[in-house]
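1. compute the structure for the input listed below.
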Amino acid sequence: MSEPASDDSGRTQRLPIIERERGDASARAHDPVPTLQEEDSGRAGRFWSARRVPAALVALVVLGGVGLLLYDVAAVRAGHPAMWWRRELADGLATRPLDDVWVMVGAGVAAALGLWLLLFAVTPGLRAILPMRRTSADVRAGLDRSAAAMMLRDRAMEVSGVQSVRVRVGRSKVRVRAMSHFRELDDVRADLDTALAAGIRQLGLAGRPRLSVRVDRPDKKG
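-> This is a model prediction of the structure:
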């Protein structure tokens, strides 16, 4: 219920905004949980990692190099000799040919570091978080891979004949390896396919991963 409020004329009136918000919340509470079979408009991209540690390391290296170079340039301008590393670098760049081994090694290391930083810049990261379906433009949700694997493992252990199971959840594929100590392997595999497919749908992931199930007999002791 909304709380009454009084205006300047002394009349009591209800607050329509509070009433509308509570009504919307009640309607959302009774909405069914969305699944991957309902619609395809709720797909979401992966979560982007802040990558604070690589960014901080690069910033410190660049800051230290620039500060040292500026200090050396200022010292030379003041009449002091340049530092030995700058003299060696200048002499090496002036005398060594481009096909020198050390020049090529240095260029390769610089190119590898540049590609590594570019890869960090254009990829989302956070591979351990699986994006879930978006039903609201203001809310994003993710599911940890280990939590998804635990849920699917519990589903697989409920299948008759399964003695042990190992589940690995990837971004595009779920790999399941189960050990069955009785029942036919084909029957156990069929039941696992059905149970795990339903479990994957209930995870509510943005992209439905493919399912790969392998069923074997446990090794005989002795």
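2. okay, now Val176: neighbour count?
-> When neighbours are counted by other CB atoms under 10 Å, Val176 registers 23. In this view, the C-beta of every residue, glycine as well, is placed from N, C-alpha and C.
3. go on, Ala137?
-> Using other CB under 10 Å, Ala137 has 6 neighbouring residues.
4. dihedrals phi and psi, it?
-> Note on Ala137: its backbone torsions stand at phi -70, psi -20 [degrees, to the nearest 10].
5. one more: the one 3 residues further on?
-> Backbone torsions for Arg140, taken as degrees, to the nearest 10, come to phi -120, psi 140.
6. kindly report the same for Val174.
-> According to degrees, to the nearest 10, Val174 has phi -110, psi 120.
7. same question for Val176.
-> Main-chain dihedrals, Val176, degrees, to the nearest 10: phi -130, psi 130.
8. just grab the bridge partners of it for me.
-> Beta-bridge partners recorded for Val176 (DSSP bridges): Val167, Val213.
9. do you know how far it is from Val61?
-> Using CB to CB, to the nearest Å, Val176 is found at 44 Å from Val61.
10. next secondary structure after the longest helix along the chain?
-> Looking across the chain with DSSP state H, the single longest helix is helix 52-77. Following helix 52-77 in sequence order, the next helix or strand is helix 84-95 (DSSP states H and E).
11. which residues touch that following helix?
-> Residues outside helix 84-95 that contact it (CB atoms under 8 Å, 6 or more residues apart in numbering): Leu69, Asp72, Trp102.
12. using CSV, lay out those together with pLDDT, distance to His80 and neighbour count.
-> Output for those, formatted as CSV (pLDDT from 0 to 100; distance: CB to CB, whole Å; neighbours: other CB atoms under 10 Å):
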residue, pLDDT, distance to His80, neighbour count
Leu69, 88, 15, 12
Asp72, 88, 9, 17
Trp102, 83, 28, 9
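13. which parts of this structure are strands?
-> Applying DSSP state E to the chain gives strands spanning 4-6, 12-14, 129-131, 142-144, 162-169, 173-180, 210-216.
14. so can I have TSV of these showing distance to Asp91 and mean pLDDT?
-> Putting those into TSV (distance: least, CB to CB, whole Å; pLDDT from 0 to 100) gives the following:
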stretch	distance to Asp91	mean pLDDT
strand 4-6	83	50
strand 12-14	85	48
strand 129-131	51	87
strand 142-144	54	89
strand 162-169	55	94
strand 173-180	55	94
strand 210-216	59	94
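15. what is the neighbour count of Leu130?
-> Neighbourhood size, Leu130 [other CB under 10 Å]: 24.
16. how close does it get to Arg86?
-> Distance of Leu130 to Arg86, computed by CB to CB: 50 Å.
17. quick one, domains of the chain?
-> 52-122, 142-216 (automatic domain parsing).
18. find me the pLDDT at the most centrally placed residue in the chain, would you?
-> Nearest residue to the geometric centre of the chain (CA atoms, centre = their mean): Leu126, 2.6 Å. Here the pLDDT value assigned to Leu126 is 79.
19. also the one 10 residues further on?
-> What the model reports as pLDDT for Ser136 is 78.
20. and the gap between it and Lys220?
-> As judged by CB to CB, Ser136 and Lys220 stand 54 Å apart.
21. what about these two, which has more around it?
-> Higher neighbour count among Ser136 and Lys220: Ser136, with 9 against 5, using other CB under 10 Å.
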